[in-house]
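Novice: Quick check, what structure comes out for this input:
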Amino acid sequence: MSNAYFLIPGGLLPPKAASEALDAEARQSLEELLGDCRASAPQQLAQGLLLPFARCTHHLWFWAAVTRARTTPAHAGYEWLAENGPALAGEVWSVTPCRLQDGRTAGLGGSPLTPQEVEQCSPALRAVLEKSGFVLQLWDAEWYATRKQDWEVVARPWRCQEGFAADDEEALAGDRGAALALMKACGEALAGTQVSQLRREAGLPAPDFAWISGGGRAVRFYPPTKVRAVLSDEPVLLSWAREAGILKEYTATASALAWPADAPPGDVIAVVSDLWEPWLQSDWQAWRRALPKALDKVRTLRSLARLRGSETAVFVACGRGCAVTLAPERKTLHSRLLGRFSTRRGPGLTWIADPGLSPDGAAP
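Specialist: A predicted model of the protein is given here:
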């Protein structure tokens with residue numbers, strides 16, 4: 001018997017937010033979906049060097065379950081591959097131009113650097129990176145940096161970092177001082193370019209900081225994964241899956257609402273990310289609005305998974321650094337006998353309270 005795993009980032013909420021976001025209709029929908037599943041105790045995944053990934057706990061779960069690698073998750077090299085970049089030797093990092101506002105990192109909003117501006121800023125950025133042993137790489141107007149020797153730094157992925165202080169306690173692990181110094185130096189180089197000067201004069205956001213993250217080596221994982229198909233709207237997860245041995249035709253976006261045709265029998269994974277963005281923003285009203293779509297997506301994919309032979313649905317709800325698994329209780333002779341004389345009850349909703357979040361719903 002194979003399983004269909006539904007990985008749900010943003011699936012755990014602060015207790016106060018849960019009481020506000022989960023009205024009677026939402027509670028009924030969740031309870032009907034979960035049926036007689038049982039909730040596990042919260043599993044803490046983000047610890048030590050993995051703390052920078054606490055806001056993308058589903059990446060930790062996926063990295064461990066699919067790639068089975070013993071390193072910290074590597075994003076940049078696999079994002080490069082997902083964009084059809086050529087294979088790169090050494091360690092690969094993403095370099096994201098951004099700003100510091102009251103000590104917090106902020107993106108460039110709706111006015112990102114144009115391809116021409118990226119080209120014009122590259123010489124200044126290249127000179128700074130080379131002093132720290134990096135080689136600047138440019139692909140599709142995006143900056144990457146490679147190096148022969150591993151950089152002893154782990155950094156929070158940019159999508160999870162925006163809006164947080166650069167020196168946030170959980171944003172960096174390893175050699176924090178070296179990381180912040182290089183990011184600051186890169187920002188100063190960008191701020192001093194003619195591009196930034198012209199942007200400031202035009203009232204456009206100008207970069208004065210650079211977030212360097214996603215470091216790791218893009219390798220093929222061995223042994224190959226036993227997972228047979230993966231659905232996700234995040235290109236980096238699909239890239240990890242392919243490098244773990246899943247054929248490209250057996251990976252697809254979750255929004256397509258269909259499992260890849262002809263995928264071999266076995267376990268499959270769908271990453272349903274509809275709740276993640278409002279969770280990142282601590283926008284619990286938006287989370288509630290996104291819930292029906294997320295549940296409809298899970299229902300559809302679960303029904304289709306049954307048709308392909310994945311009889312058991314397992315749900316993995318992720319919060320800040322931890323995850324809760326909800327799965328049907330294994331049937332024994334004793335439980336079957338008891339079930340004849342008792343009413344089936346689901347897991348309730350106490351599991352949805354995220355132990356990694358403050359009760360008042362502060363930013364995860």
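Novice: from here on, contacts and neighbour counts on C-alpha atoms
Specialist: OK.
Novice: For the nearest residue to A39 once chain neighbours are set aside, name its beta-bridge partners.
Specialist: Nearest-residue entry for A39: L326, 4.4 Å, with adjacent residues in sequence omitted and distances by C-alpha to C-alpha, 6 or more residues apart in numbering. Residues in a beta bridge with L326, per DSSP bridges, are A39, F315.
Novice: which residues touch L326?
Specialist: L34, C37, R38, A39, S40, V314, F315, V316, A317 (C-alpha atoms under 8 Å, 6 or more residues apart in numbering).
Novice: for the stretch 101-250 of the chain, what spans make up the helices?
Specialist: For the stretch 101-250 of the chain, the helices defined by DSSP state H, counting those that start in this stretch occupy 115-131, 158-161, 176-191, 194-201, 235-243.
Novice: Out of these, which gets nearest to A64?
Specialist: helix 235-243 (10.8 Å; C-alpha to C-alpha).
Novice: Show residues contacting that closest one.
Specialist: Counting by C-alpha under 8 Å, 6+ apart, 59, 62-63, 66-67, 75, 78-79, 81-82, 219-221, 230-232, 248, 251-252 sit against helix 235-243.
Novice: contacts for stretch 18-32?
Specialist: W284, Q285, W287, R288, L291, L295, G346, P347, G348, L349, I352, A353.
Novice: Could you tell me which of those residues count as buried?
Specialist: Neighbour-count burial (16 or more other C-alpha atoms under 10 Å) is assigned, among the contacts of stretch 18-32, to W284, W287, R288, L291, L295, G346, P347, G348, I352, A353.
Novice: Please report phi then psi for the first one.
Specialist: Just to be clear, that refers to W284. phi -80, psi -20 (degrees, to the nearest 10).
Novice: There's contact between it and A17 in this structure, I believe.
Specialist: Yes - judged on C-alpha atoms under 8 Å, W284 makes contact with A17 at a distance of 6.5 Å.
Novice: From the contacts of helix 235-243, which land in strands?
Specialist: Among the contacts of helix 235-243, the members falling in strands (DSSP state E) are V230, L231, T251, A252.
Novice: can I get the residues you listed in JSON lines with pLDDT?
Specialist: Below are the ones in strands among the contacts of helix 235-243 laid out as JSON lines (pLDDT from 0 to 100):
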{"residue": "V230", "pLDDT": "98"}
{"residue": "L231", "pLDDT": "98"}
{"residue": "T251", "pLDDT": "98"}
{"residue": "A252", "pLDDT": "98"}
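Novice: coming back round to it: mind giving me the ChimeraX command for buried ones among the contacts of helix 235-243?
Specialist: Per 16+ other C-alpha under 10 Å, the buried members of the contacts of helix 235-243 correspond to this ChimeraX selection:
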select :59,62,63,66,67,75,78,79,81,82,219,221,230,231,232,251,252
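Novice: which one of the contacts of stretch 18-32 is nearest L12?
Specialist: Closest to L12, out of all of these and judged by C-alpha to C-alpha, is I352, at 4.7 Å.
Novice: count of residues packed around the closest residue in space to that closest one that isn't next to it in sequence?
Specialist: For I352, ignoring the flanking residues on the chain, the nearest one in space by C-alpha to C-alpha, 6+ apart is L12 at 4.7 Å. Neighbour count for L12, taken as other C-alpha atoms under 10 Å: 26.
Novice: so who does L12 touch?
Specialist: A317, C318, G319, R320, W351, I352, A353, D354.
Novice: how about the closest residue to G48 other than its chain neighbours, what does it touch?
Specialist: Sequence neighbours aside, A173 is the residue nearest to G48 in space, at 7.8 Å (criterion: C-alpha to C-alpha, 6+ apart). In this structure, A173 makes contact with G48, L49, L50, L51, P52, V153, V154, A155, judged by C-alpha under 8 Å, 6+ apart.
Novice: Over to V227?
Specialist: Per C-alpha under 8 Å, 6+ apart, neighbours of V227: V66, I246, G266, D267, V268, I269.
Novice: let's go with 10 Å and repeat that
Specialist: Applying C-alpha atoms under 10 Å, 6 or more residues apart in numbering, we find V227 in contact with 2-4, 65-67, 241, 244-246, 264-269.
Novice: quick check, nearest of those residues to W143?
Specialist: A241 (23.6 Å).
Novice: separation between that closest one and F315?
Specialist: 19 Å (C-alpha to C-alpha, to the nearest Å).
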